[in-house]
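Q: Predicted model follows, preceded by the sequence.
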Number of protein chains: 2
Amino acid sequence: MSLTKLFHPSSVAVIGASRKKGQIGREVLTNLIESFEGEIYPVNPKVDRLEGLKCYGSISEVPGEVDLAAIAVPARIVPDVFRECAESGIKNAIVVSGGFKEVGEEGAKLEKELAEIAEENEINLIGPNSMGVISTSSGLNATFAQEMALPGNISFMSQSGALCTAVLDWANEVGTGFNHFVSLGNKAVLDEVDLIKEWDQDEKTDVILGYLEGIQRGSEFVSVAKEVTKTTPMVVVKAGKTEEGASAAVSHTGTISGSDDAYDAAFAQSGVIRAQNVEEMFDYGSILSHQSPPKNRKVGILTNSGGPGVMATDALEQYGLELARLEETTLKKLDGVLSSLASRDNPVDLTGKADEDDYRESLEYMIEDENLGSVVAISAPAAIVSYPVLTEILADVQGNTDKPIVGTLMGGKLSQESQENLESAGVSNYFDPARAVRALSALVEYGRIRDKEISTPVNFSIDNQKVEKKLKEYRDSGKRVVGLEGLELLQYYGIHTIPTKFARSAKEAKEMAAQYDSPVVLKVDSPEIIHKSDVGGVKLGVKPDEVYGEFRAMVNKLRKNCPDAEINGIRIQETVNGEEIIVGMKRDPQFGPLIMFGLGGIYVEVLKDVSFGVAPISPARAREMVESIDAFPILEGVRGKSGVNIESVVEVIQRLSKLSMDNPEVQELDLNPVIATSAGARVADVRIKFAD
Amino acid sequence: MSLTKLFHPSSVAVIGASRKKGQIGREVLTNLIESFEGEIYPVNPKVDRLEGLKCYGSISEVPGEVDLAAIAVPARIVPDVFRECAESGIKNAIVVSGGFKEVGEEGAKLEKELAEIAEENEINLIGPNSMGVISTSSGLNATFAQEMALPGNISFMSQSGALCTAVLDWANEVGTGFNHFVSLGNKAVLDEVDLIKEWDQDEKTDVILGYLEGIQRGSEFVSVAKEVTKTTPMVVVKAGKTEEGASAAVSHTGTISGSDDAYDAAFAQSGVIRAQNVEEMFDYGSILSHQSPPKNRKVGILTNSGGPGVMATDALEQYGLELARLEETTLKKLDGVLSSLASRDNPVDLTGKADEDDYRESLEYMIEDENLGSVVAISAPAAIVSYPVLTEILADVQGNTDKPIVGTLMGGKLSQESQENLESAGVSNYFDPARAVRALSALVEYGRIRDKEISTPVNFSIDNQKVEKKLKEYRDSGKRVVGLEGLELLQYYGIHTIPTKFARSAKEAKEMAAQYDSPVVLKVDSPEIIHKSDVGGVKLGVKPDEVYGEFRAMVNKLRKNCPDAEINGIRIQETVNGEEIIVGMKRDPQFGPLIMFGLGGIYVEVLKDVSFGVAPISPARAREMVESIDAFPILEGVRGKSGVNIESVVEVIQRLSKLSMDNPEVQELDLNPVIATSAGARVADVRIKFAD
């Protein structure tokens, strides 16, 4: 359903426009009158005229067509009013009234009613409990905020209305403008997914910023955002680290992973840049709204003073950028500009003796240098340079090049005076060189996101009948947690496992052991024993001729340690030496299957050196997951040890992703350990938890 | 030498006060006239009067006593002028002229001359190449900056003059004041160590901030700052990550550690809080200048809107603080204030319906709560609350309590208008809740620093004669790198080593092996072979009766692999199973011995999971080093393995610190591995590099 008329209405009704100033309906009306050039219809049965406009008794009495209704009546009558809007054929509405889900059960019921009406009648609804919507390109201020936004090419949404008011006040002060500015409220109908879809198509939106406290439609968000971020950069602050509470996790993956890991993985996969706080979000938003990503990570630093140049250089390293090596020709040209005091090497330090012409000339020479992709242009206040003139220079030079220039005209008042001119010239300016470089790194990061090839999850062919049969077997057994018997399910998904035999008795075990010519591993098979190693249910390095005795010894010990456990028998595995890894899955309520990868043992349990992805996982993402753990060099081979077959590890992740997507009843799963060698990766043990 | 008159002179001479406006000497004069109430003597042989003051031909002609000389003549004549000052008995001087070390060799010579004159005549010299000195408490503005600082209790020093001008402009805008404000220049004489000593004694300085690019007197800095930070908080930005260049390191410690690690360790040991950039430094400076540390890490959050409360809560976790659990009585009192919409649990969310009285009452109740140590007070702009009134409330409540209140009145213009009043009421204010919490965490951190018991390095008793004899032996041998033969030196320092026998021949080895009843380790002894394992010079798990054969096999292999190496023989060690750790030392040019600690193998080489300390290292610091690596739980014992004797590991670090302090000729050293068990820690192998 198109949102065009929500953001670009020709006529707006304000239902609940009150006589009393300060009341939110009245504020919305006043704001509209000040900003909006289309028709405005105040609705209030108790009043004839408001602010010079005729008031209507109800929405049905309004004579013209109404593109957008802003509803500000008390919560308990909102559903009736909203129904009336539906009957009048209104397709876009904002409910600014509070008193819904946020106040408890009663309010939640009202909110559900709204959602139902909206669905039945195909109405685009923002809110309830929203501060409203601003759209500068259509002069629309349908909010009860105290200020209107400046025009701009950033569209911003916020799940916090209060943050909207703070951001507006701040943005107007520093000269940051917006195209659309939306207070999402309780997201009864329209949410972030709808807005980013719409804004992606919107020519006047070049950057999307969002403050979100949660994303309900996780998988849809990922698939939509993945497309959107190919053309429109997105920066999001996700606040509110959900408390997991006392979890009944039976897997390492369940214990270690949290909802924030799912958000991190989802943002990484969908190309959304995650900012840690609001300041960072707007720092990134500013540069992304002005500039295209540079062609490389190599940065030139131009400064009229050493210290700030040093700070910028430090920051390059911190944020993963590089100091460009200037071309010989550039160095020669710079020689012609500078006094003997300067450093012509990057960072180019003009010293405090450089005047504005020196600054311009040097900046132009640097921009021409083929080695660098962007320039950080720094100045400290000095008698010899005026910030208004430097501002002109930055604007001029920027006007003639695609290479991004980031300004760092340092100072307080001096800097602020130039801020607005710099912004409108398309140059972001930051007080601190470190902040300038951090923002530049976000621009470079966006370039990486934009240019990354889309990698599509592989649709491995699976024998679904076999899978269904096996799952039925587990269901019929009544077990909700399965151990080694889960290996078969993995095999159906093409995940290699270490050959495992099942012996019900010591005698049977002995016969089987005769087929081995090197030591084997014994593992108890018991539905009640989950942590096998802890109770003596695993024995490594058992010589084939000792299997009989070890079987009996293990069973005896377990009868003592776990008197209530039913022991089915013992599984015999050949010994495989390799790197132990763990691949696991936990079902996240928002994003679905969250896949975890890490090296086994200490690396997971002590160092928490793991990576996450949300299924479905593409080959490229699976590889990223493997490469992004700190211990990755171990898999490549270190200290004279040869590496493991990385591709086979990457494939296990993808196949587990497929298994998780196909079978919602699998709630949690650990492949632990998977033994990876130069030949491949095979699962040695598994634990699967099914939904109740 | 007291710096009192440098900061509080009764009279100042400006040498090089020029007729030409804009020239730095003239600017210093103008600034002084505008600010300073004592005597001012311009010195310039070519002028009679300047700005209404009589000009003197030379400093010797000035009639009165001159407490401070500001020198602004061209670099080449500065030494002469400075000598004249010395002859006139002047004891404090600032050289604002540039053209010294920063321009090359010629300038460096001039600078050395200045330093010599200063030393001979006991003159306190700031600069050269300094922007000057401001001292608001004596109305002194002896700089060529365009602005004077506001009064305050922060003293600031900067190694970058340009940063001084930028900071001044910014600070005046936001209302941050200073007591002393010093541009350090080239630090020919006075440096950061002198200033922090002086400022520690200064009643009007409550916080010391510094931007430094290097610290030459590293050990002195550490020992002075350690004392100073017990009463005066220090926050430092250290810029300029030194490139190590192609290092000839022979040890892991040498390879892994950089100068920035030394700075980190030095700051940690001396209680200096390191800020990553200038914004962070002033965020911390502000709160430290207003508040004493809270009694605990538990924080109350008061907000009139949910979103910012969520952001603050997130930030608490990020910065190591805790959300306080409010007392039952507080909750009851809050029940009386709030509408039904609010959350009375911490974070206390008053919602946008709360007015100023609600805010005040709630804040007062929270402050009374015994469970919390501090409060973050947040507001978003709303029609119902005025920031000037909230400012008064915060100021009032803060006036009646020792518990720090941190303000977060969010917004742009609205917030800025309140900023100055908040500052003067002693309440820091930050736009972003995350920045407020980060600043609060610095205050909490300072509390930890202030209250930490001073731990003194142990002066282990050592037989110096034996040590000297052994060192002479190494010297006489001409070896600059020693291996296993270095174990003896360690033993003299009370560091336990694994008993090692030296066999010159296979036959000798065989005889020695007869004394062992379990497998041993063989290691080649050759001055040329440094990386023994890489060439086959180490063999583990050799059964005593195989020693003869393995000796021969190893020697044969090494003859082939390293044809030029002289092989003295082979060392035999008993096999000890335990956790492998590494303790190493590298001599840092600024801070002296830099001690590194980590777990062996993968943990150091791949994960770089190490900690650093600068010698001399106290017991408490050594323990911190051990506990601060990520893999520390492994030493405590995990996955059913018992832990190691931590105290013995802590002692190895201290004894190595002592060895490094005592013997400057030891340049680099690795104890690698040290095998730690529940019984203790013993060195299995060592590599020592001596100074040439």
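A: Structure's in. What do you need?

Q: Okay, now the unreliable bits of chain A?
A: Applying pLDDT under 70 to chain A flags residues A:1, A:242-249, A:339-342.

Q: Let me see the domain layout of it.
A: A:4-205, A:291-451, A:501-574 (automatic domain parsing).

Q: okay, these in CSV with mean neighbour count and distance to residue B:40 next?
A: C-beta coordinates here come from the backbone N, C-alpha and C atoms, glycine included. Below are the domains of chain A laid out as CSV (neighbours: other CB atoms under 10 Å in any protein chain shown; distance: least, CB to CB, whole Å):
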stretch, mean neighbour count, distance to residue B:40
domain A:4-205, 21, 40
domain A:291-451, 21, 21
domain A:501-574, 17, 82
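
Q: Let me have those in JSON lines, extended by distance to chain B.
A: Formatted as JSON lines, the domains of chain A follow (distance: least, CB to the nearest CB, whole Å):
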{"stretch": "domain A:4-205", "distance to chain B": "2"}
{"stretch": "domain A:291-451", "distance to chain B": "2"}
{"stretch": "domain A:501-574", "distance to chain B": "8"}
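
Q: right, so of these, which gets closest to residue B:613?
A: domain A:291-451 (23.1 Å; CB to CB).

Q: Between the two ends of that closest one, how far is it?
A: Domain A:291-451 has an end-to-end distance of 16 Å (CA to CA, to the nearest Å).

Q: cool, stretch A:283-303 as well?
A: Stretch A:283-303 has its terminal residues 21 Å apart, counting by CA to CA.

Q: picking up where we left off before, out of the domains of chain A, the one nearest residue B:350 is which?
A: domain A:4-205 (10.9 Å).

Q: wouldn't residue A:266 be in contact with residue A:222 here?
A: Yes. Residue A:266 is within contact range of residue A:222, at 5.2 Å (criterion: CB atoms under 8 Å).

Q: what touches both of these two?
A: A:591, A:614 (CB atoms under 8 Å, 6 or more residues apart in numbering or on different chains).

Q: neighbour-wise, which of those two wins?
A: residue A:266 (27 against 24; other CB atoms under 10 Å in any protein chain shown).

Q: quick one: the more buried one is in a helix?
A: Yes. Counting by DSSP: H, G, I helix; E, B strand; the rest coil, one finds residue A:266 located in a helix.

Q: List the residues that contact the residue nearest to the spatial centre of chain A.
A: Against the mean C-alpha coordinate of chain A, by CA atoms, centre = their mean, the closest residue is residue A:267 at 2.2 Å. By CB under 8 Å, 6+ apart, the residues touching residue A:267 are A:236, A:238, A:273, A:274.

Q: hang on, isn't residue A:127 packed against residue A:95?
A: Yes. At 3.7 Å, residue A:127 counts as touching residue A:95 under the criterion of CB under 8 Å.

Q: Give me the common contacts of these two.
A: Common neighbours of residue A:127 and residue A:95, using CB under 8 Å, 6+ apart, are A:185, A:188.

Q: in the stretch 101-250 of chain A, which spans are strands?
A: For the stretch 101-250 of chain A, the strands defined by DSSP state E, counting those that start in this stretch occupy A:124-126, A:132-135, A:140-143, A:150-151, A:154-158, A:177-178, A:180-183, A:207-212, A:234-238.

Q: where's residue A:612 relative to residue A:253, distance?
A: 9 Å (CB to CB, to the nearest Å).

Q: again with residue A:57
A: In this view, residue A:57 and residue A:253 are 60 Å apart by CB to CB.

Q: where's residue A:435, which helix or strand?
A: Per DSSP states H and E, residue A:435 falls inside helix A:433-451.

Q: C-terminal to that helix, which secondary structure element comes first?
A: Next in sequence after helix A:433-451, counting helices and strands by DSSP H and E, comes helix A:464-477.

Q: Give me the helices and strands touching the following helix or strand past that next one, please.
A: Helices and strands here follow DSSP H and E; after helix A:464-477, the next one along the chain is strand A:481-482. Counting contacts by 3 or more CB pairs under 8 Å, 6 or more residues apart in numbering or on different chains; DSSP states H and E, strand A:481-482 packs against strand A:686-690.

Q: which other residues reach the strand it packs on?
A: A:250-251, A:254, A:474-475, A:479-484, A:486-487, A:489-490, A:497, A:530, A:665-672.

Q: Separate out the buried members of those residues.
A: A:250-251, A:254, A:474, A:479-484, A:486-487, A:489-490, A:497, A:530, A:666-672 (16 or more other CB atoms under 10 Å in any protein chain shown).

Q: Return the subset of those lying in helices.
A: Judged by DSSP state H, helices contain the following of those: A:254, A:474, A:487, A:489, A:490.

Q: and residue A:51, what does it touch?
A: Going by CB under 8 Å, 6+ apart, residue A:51 touches A:29, A:30, A:33, A:42.

Q: Please verify my assumption that the first one contacts residue A:13.
A: I take that to be residue A:29. No. Using CB under 8 Å, residue A:29 is not in contact with residue A:13; the gap is 10.0 Å.

Q: Need the overlap of contacts for the two.
A: Shared contacts of residue A:29 and residue A:13 (CB under 8 Å, 6+ apart): A:40, A:42.

Q: follow-up on the earlier one: pull the most distant pair out of the ones in helices among the buried ones among the contacts of strand A:686-690.
A: Pairwise distances across these peak at 19.7 Å for A:254 and A:487 (criterion: CB to CB).

Q: Residue A:136 contacts residue A:177, doesn't it?
A: Yes. The pair residue A:136 and residue A:177 qualifies as a contact (CB under 8 Å) at a distance of 6.8 Å.

Q: Overlap in contacts, those two.
A: With CB under 8 Å, 6+ apart as the test, residue A:136 and residue A:177 both reach A:149, A:150, A:151, A:152.

Q: Not counting sequence-adjacent ones, nearest residue to the second one?
A: Counting by CB to CB, 6 or more residues apart in numbering or on different chains, residue A:177 is the residue found nearest to residue A:150 once chain neighbours are left out, at 3.7 Å.

Q: what's the neighbour count on residue A:458?
A: Residue A:458 has 16 neighbouring residues, counting by other CB under 10 Å.

Q: Okay, the nearest residue to it once chain neighbours are set aside and residue B:70: tell me how far apart.
A: Nearest residue to residue A:458, sequence neighbours excluded (CB to CB, 6+ apart): residue A:654, at 5.8 Å. Relative to residue B:70, residue A:654 is positioned 71 Å away (CB to CB).

Q: now residue A:447
A: 50 Å.

Q: Please apply the same query to residue A:11.
A: For residue A:11, the distance to residue B:70 (CB to CB) stands at 71 Å.

Q: how about the most far-flung residue of chain A relative to its centre, what does it touch?
A: The outermost residue of chain A, judged against the average C-alpha position, is residue A:507 (55.7 Å), by CA atoms, centre = their mean. By CB under 8 Å, 6+ apart, the residues touching residue A:507 are residue A:548.

Q: Quick one: distance of the strand or helix carrying it to the chain centre.
A: Per DSSP H and E: residue A:507 is located in helix A:506-513. Put simply, helix A:506-513 sits 53 Å off its chain's centre (CA atoms, centre = their mean, to the nearest Å).

Q: Quick check: what element follows that helix along the chain?
A: Once the chain leaves helix A:506-513, the next helix or strand it forms, by DSSP H and E, is strand A:520-525.
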